[in-house]
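Visitor: What would the 3D arrangement of this be:
(chains A, B, C and D)
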2 protein chains.
Amino acid sequence: MSVEVSGGLQALAGDVFDKNCPSRGVLEHVTSRWGVLVLAALGERELRFGELHRRIGGVSQKMLAQTLRTLADDGFVERTVIPAAPPQVSYRLTETGEQVAGHVVGLVGWIEQHLPEILAAREATPAR
Amino acid sequence: MSVEVSGGLQALAGDVFDKNCPSRGVLEHVTSRWGVLVLAALGERELRFGELHRRIGGVSQKMLAQTLRTLADDGFVERTVIPAAPPQVSYRLTETGEQVAGHVVGLVGWIEQHLPEILAAREATPAR
DNA sequence: TCCGATGGTTACCTCAAGGTACGTACTTTC
DNA sequence: GAAAGTACGTACCTTGAGGTAACCATCGGA
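Guide: All right, here's what the predicted structure looks like:
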């Protein structure tokens, strides 16, 4: 539950298997239905709200805004408002955001590439 | 939407940004609330139902069974029944399962280790 | 002059994820 | 002989995630 850190100070590491550990919450934000896709999209490049909305098929404005807000609260995404005449809002990953997104992109990429095998396995579902 | 594969044959790779791509479904199984934790737990070692139930805090028997079934259908988990007098059922990752689990474990581990920073960022939430 | 794009917020409603509780069939333990 | 563990399946019910639609303010273009 706890790890020693360089300075000799003690920092608490999370334990996702613990029902009450706050890491559970963070994990759920990151792996949420739209959270994964937002992180993956921003992993490619900085994007504006409308661009994200178009990039991520099927997401509603409401859920996109909500997801972006929780990811921003956790410090993964930075929101920048350009005060122009139709207001422009841009989203990019923070430094820690880049790191989580790295893992997420890896996972997503693996799934995309191995999709055929997985679908094959599914249809070969024995007996049921 | 499609990639060239070694043999010159064509295999379809997924695109998670496409609303109708089946990779969406697989992604949701893997990143589901309990799916992540099951994969992470089995990434350590083979486990029996009861062991999984105790390891993953807060999961109900129903959801554990359901999650294990979908992961088995996708070919990530293998179910082995040892016909004994209280029946014993063991779960382990398949080869493809090991690969997804690798990514999942990486993600989970990163979150556990960086939890303090994330929580700090959360409390420093500007303005709201 | 009216439309559409921009980036949202809010109210309202639905459906499905997920929890609780109980049943099952057999066996060991107290 | 009663309780508890093993590995679920099923029925029932609640909660909340998430969709739809309307509204807002401002500006450029047809």
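
Visitor: Does the helix or strand A:Ile118 falls within reach chain B?
Guide: Taking DSSP states H and E as the criterion, A:Ile118 maps to helix A:95-123. Yes - using CB under 8 Å from any CB of the partner chain, helix A:95-123 reaches chain B at A:96, A:99-100, A:103-104, A:106-108, A:110-119, A:121-122. Every C-beta, even on glycine, is put in place using the N, C-alpha and C of the backbone.

Visitor: for stretch A:61-79, same thing?
Guide: Yes - using CB under 8 Å from any CB, stretch A:61-79 reaches chain B at A:Asp73, A:Asp74, A:Gly75.

Visitor: before we move on, the earlier item: counting contacts, what elements does the helix holding A:Ile118 pack onto?
Guide: The contact analysis (3 or more CB pairs under 8 Å, 6 or more residues apart in numbering or on different chains; DSSP states H and E) places helix A:95-123 against helix A:33-44, strand B:10-12, helix B:23-30, helix B:95-123.

Visitor: out of those, nearest to DNA strand D?
Guide: Comparing the helices and strands packed on helix A:95-123 by their distance to DNA strand D (CB to the nearest atom of the strand), the top pick is helix A:33-44, with 3.4 Å.

Visitor: any low-confidence regions in chain A?
Guide: A:1-11, A:125-128 (pLDDT under 70).

Visitor: Show me what counts as buried in stretch A:30-46.
Guide: A:30-32, A:34-43 (16 or more other CB atoms under 10 Å in any protein chain shown).

Visitor: What is the distance between it and the centre of its chain?
Guide: Put simply, stretch A:30-46 sits 4 Å off its chain's centre (CA atoms, centre = their mean, to the nearest Å).

Visitor: Does that stretch reach DNA strand C?
Guide: No - if you take CB under 7 Å from any atom of the strand as the test, stretch A:30-46 misses DNA strand C, and the best it gets is 9.5 Å.

Visitor: which residues are contacting that stretch?
Guide: A:29, A:47, A:52, A:55-56, A:59, A:63-64, A:67-68, A:70-71, A:74, A:76-77, A:90-93, A:97-98, A:100-102, A:104-105, A:107-108, B:16-17, B:27-28, B:31-32, B:36, B:107, B:111 (CB atoms under 8 Å, 6 or more residues apart in numbering or on different chains).

Visitor: and those, which are buried?
Guide: Among the contacts of stretch A:30-46, the ones that count as buried by 16+ other CB under 10 Å are A:29, A:47, A:52, A:55-56, A:59, A:64, A:67-68, A:70-71, A:74, A:76-77, A:91, A:93, A:97, A:100-102, A:104-105, A:107-108, B:16-17, B:27, B:31-32, B:36, B:107, B:111.
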